[in-house]
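# My questions are about this predicted structure, shown below with the sequence.
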Amino acid sequence: MIKTKRLTISKITRDDGQVTALLSDPELLKPAHIRFYKGHATEFEVNIMLETATYLGVYLDTTLIGFIRYDEYSGEIGYVLARNQWGHGYITEALEGLIPTLHRDLKASTDIDNVRSQDVLRRLGFIETETLYDRKNWALPLARSGQ
């Protein structure tokens, strides 16, 4: 578990309903490239998704406001934040707390038009490595991550 000034970041192992509720917003699914069988999240599908990588819940008090997906094999990170929490710096704060604990080069990708997410990555020191079709790829070498 990681504590920041305002947040708690901890591993999600099973959905208690909060992840399914968060992923019920179709506007979050598209840029995160998350798809469900019938177009909306079910607890069963979410629990399967949680087994594919490390998912870290971002909690404000005890409320899940987002999550960070971390693939320990590729070093790729991704994140989702509830729309009513955008603009408060929560994902930046959560990643600032998490990145120093990962001890490796990191990668991320964004949709080409997801400027908000690109700004988060730039603030964290990620550098844009390439643009392919509708995606931008980013890297944060270990030396730049402040470790």
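Good, I have the coordinates.

# Check what contacts the longest helix anywhere in the chain and list those residues.
Ordering each helix of the chain by length in residues (DSSP state H) puts helix 90-102 first. Helix 90-102 is contacted by residues 2-7, 9, 56, 58, 60, 65-66, 68, 70, 75, 77, 79, 81, 106, 120, 123-124, 140, 145-147 when judged by CB atoms under 8 Å, 6 or more residues apart in numbering. (Glycine included, C-beta is placed from N, CA and C.)

# Just the ones in helices from these, please.
Of these, the ones assigned to helices by DSSP H are 120, 123.

# Low-confidence ranges, the chain, go.
Scanning the chain with the threshold set as pLDDT under 70 gives 28-41, 143-147.

# buried subset of the contacts of helix 90-102?
7, 9, 56, 58, 65-66, 68, 70, 75, 77, 79, 81, 106, 120, 124, 140, 145 (16 or more other CB atoms under 10 Å).

# on that earlier part again, could you list the buried residues of the longest helix of the chain?
90-91, 93-99, 102.

# What strands flank the longest strand anywhere in the chain, and is each parallel or antiparallel?
Identified as the longest strand of the chain according to DSSP state E is strand 63-71. Paired strands of strand 63-71, with direction, are strand 54-60 (antiparallel), strand 76-81 (antiparallel) (DSSP bridges).

# rewinding a little: can you give me the angle the longest helix of the chain makes with strand 76-81?
Relative orientation of helix 90-102 versus strand 76-81 (axes from the mean of the first three to the mean of the last three CA atoms, to 10 degrees): 150 degrees.

# From Thr52, how far off is Gly89?
28 Å (CB to CB, to the nearest Å).

# The two: which is more packed in?
More neighbours surround Gly89 than the other of Gly89 and Thr52, with 14 against 9 (other CB atoms under 10 Å).

# separation between that one and Leu142?
24 Å.

# again with Asp15
Taken as CB to CB, the span from Asp15 to Leu142 is 32 Å.
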